[in-house]
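**Q** Build me a model from this:
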Amino acid sequence: MLQSRGISDLLAAEKKAQELIEEARKRKNKRIKDAQNEAKHEIEQFKSERERRYKGLEQQQLGNRTQMTEESNKDTQIQIASLKNQYDSNKQDLLQRIITLVCDIKPEAHINARIQ
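**A** The predicted model follows:
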């Protein structure tokens with residue numbers, strides 16, 4: 001009887017140890033899940049913060065790009081106006097030169113032409 005009581009005590013102790021191990025595993029798994037959830041939450045916060053900063057920088061660059069485009073358009077308009085003024089002022093002189101060159105032909109014999 002004493003021997004069967006010792007075996008039953010060992011079996012009970014083994015069962016209790018198994019329960020403790022199982023409980024410890026459950027706690028460990030719960031801590032891991034909690035840590036994973038917390039890490040996911042922190043990642044989402046970090047991601048949203050970075051996205052917000054990126055959007056701010058993007059807006060700032062778009063603002064700069066718009067300003068640069070406006071300045072470029074103004075410079076282009078000034079250059080176009082300058083070229084139109086130059087065209088208008090030189091148009092008559094150029095036409096006169098072209099007419100003079102076309103109308104005043106001076107016939108000359110080519111170097112390779114032989115006079116016979």
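**Q** What number of residues are in the vicinity of I78?
**A** 10 (other CB atoms under 10 Å). Bear in mind the C-beta positions are built from the backbone N, C-alpha and C, glycine included.
**Q** Check the one 3 residues further on too.
**A** Residue crowding around A81 was assessed by other CB under 10 Å; the count is 10.
**Q** Check the secondary structure at it for me.
**A** Classification of A81 by DSSP: H, G, I helix; E, B strand; the rest coil places it in helix.
**Q** any idea how far E70 is from it?
**A** Separation of A81 from E70 (CB to CB, to the nearest Å): 17 Å.
**Q** E14 too?
**A** From E14 over to E70 (counting by CB to CB), the distance is 83 Å.
**Q** got it, and L94?
**A** Distance of L94 to E70, given as CB to CB: 35 Å.
**Q** before we move on, what about K91?
**A** Counting by CB to CB - K91 and E70 are separated by 32 Å.
**Q** and if you look at A12?
**A** 87 Å.
**Q** Could you do E38 as well?
**A** 48 Å.
**Q** do the same with S82
**A** 19 Å.
**Q** ranges for the strands of the chain?
**A** Remark: no strands are assigned in the chain by DSSP state E.
**Q** And the pLDDT for the most centrally placed residue in it?
**A** Nearest to the mean C-alpha position of the chain, by CA atoms, centre = their mean, lies E58 at 8.6 Å. Reading off the confidence values, E58 has pLDDT 85.
**Q** Could you list the low-pLDDT ranges of the protein?
**A** 1-2, 115-116 (pLDDT under 70).
**Q** which residues of it fall in helices?
**A** For the chain, the helices defined by DSSP state H cover 2-103.
**Q** What is the neighbour count of E38?
**A** E38 has 10 nearby residues by other CB under 10 Å.
**Q** What distance do you get for it to I32?
**A** For E38, the distance to I32 - CB to CB - is 11 Å.
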